[in-house]
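1. Whatever this is, show me its structure:
(2 chains)
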Amino acid sequence: MLNPFRGFGAVFYKETLHVRRDFGTLFFSLIIPILQMFLLGYGIDTNIRQINTVVYNADGRRESRELLDRFRNSDTFHMVRFVNNDRDLNDAIISGRCRVGFKIPVDYSDKLIHQMPAQVLVLIDGSDSSVAGQAINVSTAIGLDESLRRVLVNDTSFAVDMRPKILFNPDSRSPNFFLPGLTAVLLLNVTTFLTAFSIVREKERGTLEQLFVTPVRPMGLLLGKLLPYLGIGFFELSMILTAMRFLFRVPIHGSVFLLAFLSLPYIFVSLSLGILISSKATTQAQAMQLAFLTILPSIFFSGYIFPRETMPKFFFILSYFVPATYFINITRGIILRGAGWTHLWSDALVLFFMGTLLLIIAARRFHNKVIMA
Amino acid sequence: MTSPDQPAISASHLVRRFGNFTAVNDVSFRVEKGEIFGFLGPNGSGKTTVIKMLTGLLPLSSGDATVQGIDVRLDPESVRENIGYMSQNFSLYGDLTVSENLIFYGRIYGLSSERLRQRMDTIVQLNGLGPYLNRLSAQLSGGWKQRLALGCAMLHEPTLIFLDEPTAGIDPVARRQLWDLLFELSAHGITFFVTTHYMDEAERCSHVAYIYFGKVIADGTPEALRELPDVKPQGTYRVEITAPHVTRALRAARTIPGIRSATIYGQSIHALIDDHLDLDRLRAQLLKNDVVVAEIRPLAPSLEDVFVELTSIHLAAQEAPRA
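-> Model prediction:
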């Protein structure tokens, strides 16, 4: 009688050994779903809290401060900047540092004291529709509540009138929101993956070993490898932008040239990441795994899909270490908000430093682990 | 920089440690110009580490090495300018054609386009690559890949070429052809540093060294090594005994006093015999044990015999202090 399950025990035994030997694969395949679960479980809170907010309080007296306290206590707004003129108010939103701006006019307290309706301007960045919706709802609710209290006490008409105004992407189209962010993820995909693969492939073939015994200098080798992919990255960027503009009809409000220029430090970071991966991975399959490890945070922690404001504290802090966070601010800034150099130079600078740091680490690792191994 | 009597490679007291592990332990040897130097040893014995040290990829933990008259520690870059290197997997770009591979390596060594064209012509002619110039190198057979790889390694006219297991996985005909090519190039004054597992290749080298777990335990011409007292103890000689039933013959031979050791090689037995048991007596002894002998003839020890002998002596010497 033939046993149809013959060999089961042996194969099972062998497979468990494989799994234990290749601990890295197991670790990543287990940890990534758990990270996603945490993020989706805690991170995606429909009640968006702690939206970065800029305040221009032209009035400055007790009544205005009380109103601001009520905004603050709502837990929706996190006041990070106080400015003294309309230009700074706008700039704070265009640069992406704040998503909501309150302007309390100079006569706010006077009007309330004289029992006249007082208006407050609420500027809302519409590039993230869920944040915008929450900001409108909460600010008008607070305005209504404030009015009701005054009406009940003083028996006046509508006291505080919130005037929300959605800047950029006023009709809250989702392509406008998603496509600029997608640029960052796609670019990373091309540059990091391709660089990592091209180096690891040479490792697999043994050609890298051969190159080291020639007079080629490490920098000559790395730059010679990076430049073609920089070109490919640039080509990819222009394709994405063309498709975005003409197929999906996302208007580009800022300068395309600035966008191209500011994408350089981001591509630089991605390429350095690729080298870093290639210094670790010895096979293309490993390189693939590690590259995914860079893609996932870029999707989940960069604000590409989930607003960073809604993230748990830990992931919010983590998002500052994700290069895509800065580049998404650059793409959304230029494409949706028409931001310029003055608004975005700091993001570009952070990317540039990240790239330099990564390249130094990658070059050192490359030297120690690949050449000396 | 190089004077005529200077060796191509001079290594003295090379040591390389990785943490607690000593991969290369006090290795010294000299390779003269024009030699085909065979560097032998089991896997993991330190062959590749020595090559990496000599090509300036791995810093020496201690010791000195000059290659082509250049101090490896002071100027690894110029060492690499002046040598050719071919690794065991014929590091070619499979998605590039034969001529593209040659052009790539030519550019790496900074050849002018005119010189590159000249050198390519010479090499294509020498290695017989003519018919394949426009073929992707991935589509070449092992033997041709190896010729192309050798061509790439000698584009810049190095007078010293390192070949790391050049014949691993190559068919016997291609193996023979490569060695013919090496002899021809060697006649033109090129020095070769060859690592190999094949004993027949070792026999072809003009100078061999055997490294065993980080230590060189044999160094000299194949002839000199065969005459080493350790390998050919005083008062003994080697014979090859051909018999119809080798296994039975071996069993019998091992019982005969005066036969120090006996091993089967194919259809015959190699034995180390005491001098007092001369050929006639040996034949008589075997007959007495019911062994029909077809032929007995004196034999020089093979390099394999040499290395087996030296390895066991080396191991015994290592065991001794511990015991």
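2. which one is the residue of the stretch 101-250 of chain A found nearest chain B nearest to, not counting chain neighbours?
-> Closest contact between the stretch 101-250 of chain A and chain B, by C-beta to the nearest C-beta, is at residue A:210 (3.4 Å). Glycine gets a C-beta too; all of them are placed from N, C-alpha and C. Spatial nearest neighbour of residue A:210, excluding adjacent residues (C-beta to C-beta, 6 or more residues apart in numbering or on different chains): residue B:91 at 3.4 Å.
3. surely the one you found meets residue A:205?
-> Yes: the criterion here is C-beta atoms under 8 Å, and residue B:91 meets it with residue A:205 at 6.5 Å.
4. which one of these two has more residues nearby?
-> residue B:91 (23 against 18; other C-beta atoms under 10 Å in any protein chain shown).
5. For chain A, what's the nearest residue on the stretch 51-200 of chain B?
-> For the stretch 51-200 of chain B, C-beta to the nearest C-beta, closest residue to chain A: residue B:91, 3.4 Å.
6. Quick one, grab the pLDDT at that residue.
-> Listed pLDDT for residue B:91 reads 75.
7. Could you check how far it is from residue B:104?
-> 11 Å (C-beta to C-beta, to the nearest Å).
8. for residue B:150, same thing?
-> Taking C-beta to C-beta as the measure, residue B:150 falls 15 Å from residue B:104.
9. which SSE is the residue nearest to residue A:210 in?
-> Following DSSP states H and E, one finds residue B:91 outside all helices and strands.
10. ditto for residue B:149
-> Assigned by DSSP H and E, residue B:149 belongs to helix B:142-153.
11. average pLDDT across that helix?
-> Helix B:142-153 comes out at a mean pLDDT of 87.
12. Can you name the residues in contact with it?
-> Outside helix B:142-153, the residues that touch it by C-beta atoms under 8 Å, 6 or more residues apart in numbering or on different chains are B:84-87, B:90-92, B:98, B:101-102, B:105, B:123-124, B:126-129, B:132, B:137, B:140, B:161, B:163, B:166-167, B:169-171, B:173-174, B:177-178, B:181.
13. Following it in sequence, what is the next regular element?
-> Next helix or strand after helix B:142-153 toward the C-terminus (DSSP H and E): strand B:160-164.
14. still on that earlier bit, the residue of the stretch 51-200 of chain B closest to chain A: what's it in contact with?
-> Residue B:91 is in contact with A:205, A:206, A:207, A:208, A:209, A:210, A:211, B:149, counting by C-beta under 8 Å, 6+ apart.
15. Okay, and which of those residues map to helices?
-> Per DSSP state H, helices hold the following members of the contacts of residue B:91: A:205, A:207, A:208, A:209, A:210, A:211, B:149.
16. Tell me how many other residues crowd the fourth one.
-> Here the number of neighbours of residue A:209 (other C-beta under 10 Å) works out to 22.
17. Get me the contact residues on chain B for chain A.
-> B:55, B:57-58, B:77, B:80-81, B:83, B:85-89, B:91-94, B:105, B:108-110, B:162 (C-beta under 8 Å from any C-beta of the partner chain).
18. mind redoing it with 7 Å?
-> Counting by C-beta under 7 Å from any C-beta of the partner chain, chain B comes close to chain A at B:55, B:57-58, B:77, B:80-81, B:85, B:87, B:89, B:91, B:93, B:108-109.
19. got the residue ranges for the strands in the stretch 1-150 of chain B?
-> Using DSSP state E, counting those that start in this stretch, the strands of the stretch 1-150 of chain B run over residues B:9-18, B:21-31, B:36-40, B:62-67, B:70-71, B:84-86.
20. With mean pLDDT and distance to residue A:180 as added columns, please give those strands in CSV.
-> Formatted as CSV, these follow (pLDDT from 0 to 100; distance: least, C-beta to C-beta, whole Å):
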stretch, mean pLDDT, distance to residue A:180
strand B:9-18, 90, 49
strand B:21-31, 89, 53
strand B:36-40, 92, 60
strand B:62-67, 90, 56
strand B:70-71, 90, 56
strand B:84-86, 89, 49
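21. Nearest approach to residue B:260 belongs to which of the ones you listed?
-> strand B:36-40 (24.7 Å; C-beta to C-beta).
22. ok so, going back, which of residue B:150 and residue B:104 has more neighbours?
-> Shown here are residue B:150 and residue B:104; by other C-beta under 10 Å, residue B:150 has more neighbours (22 against 16).
23. Quick check: the more buried one vs residue B:185, distance?
-> Counting by C-beta to C-beta - residue B:150 and residue B:185 are separated by 9 Å.
24. Alongside chain B, which residues does chain A contribute?
-> Counting by C-beta under 7 Å from any C-beta, chain A sits next to chain B at A:205, A:206, A:207, A:209, A:210, A:212, A:213, A:214, A:215, A:216, A:371, A:372.
25. What residue, apart from its backbone neighbours, is nearest the residue of the stretch 201-323 of chain B found nearest chain A spatially?
-> Using C-beta to the nearest C-beta, the single residue of the stretch 201-323 of chain B nearest to chain A is residue B:214, 17.6 Å away. Distances taken as C-beta to C-beta, 6+ apart place residue B:25 nearest to residue B:214, at 3.9 Å, with adjacent residues excluded.
26. quick one, what contacts that neighbour?
-> By C-beta atoms under 7 Å, 6 or more residues apart in numbering or on different chains, the residues touching residue B:25 are B:15, B:214, B:215.
27. burial measure for residue B:223, as a count.
-> 8.
28. Next: residue B:184.
-> Around residue B:184 there are 11 residues (other C-beta under 10 Å).
29. Confirm it sits in a helix?
-> Yes: looking at residue B:184 with DSSP: H, G, I helix; E, B strand; the rest coil, it is inside a helix.
30. where along the stretch 1-150 of chain A do the strands fall?
-> A:51-57, A:77-83, A:100-104, A:118-125.
31. Could you single out the most deeply buried of these?
-> Greatest average neighbour count among those goes to strand A:100-104 (a mean of 24), per mean count of other C-beta atoms under 10 Å in any protein chain shown.
32. neighbouring contacts of that one?
-> Against strand A:100-104 from outside (C-beta under 7 Å, 6+ apart): A:51, A:53-59, A:64, A:67, A:71, A:77, A:89, A:92-93, A:120-124, A:135.
33. Break chain A down into its domains, please.
-> A:51-167, A:174-371 (automatic domain parsing).
34. Need the buried ones from the residues of chain B next to chain A selected in ChimeraX.
-> Buried members of the residues of chain B next to chain A, defined by 16 or more other C-beta atoms under 10 Å in any protein chain shown, are picked up in ChimeraX with:
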select /B:55,57,58,80,81,85,87,89,91,93,108,109
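35. Give the residue spans of the chain that score low on pLDDT.
-> You didn't pick a chain, so chain A it is. Applying pLDDT under 70 to chain A picks out residues A:1-2, A:7, A:24-26, A:28-47, A:153-159, A:169-175, A:369-373.
36. if you could check chain B rather than the one you did, that'd help
-> Ranges of chain B meeting pLDDT under 70: B:1-4, B:320-323.
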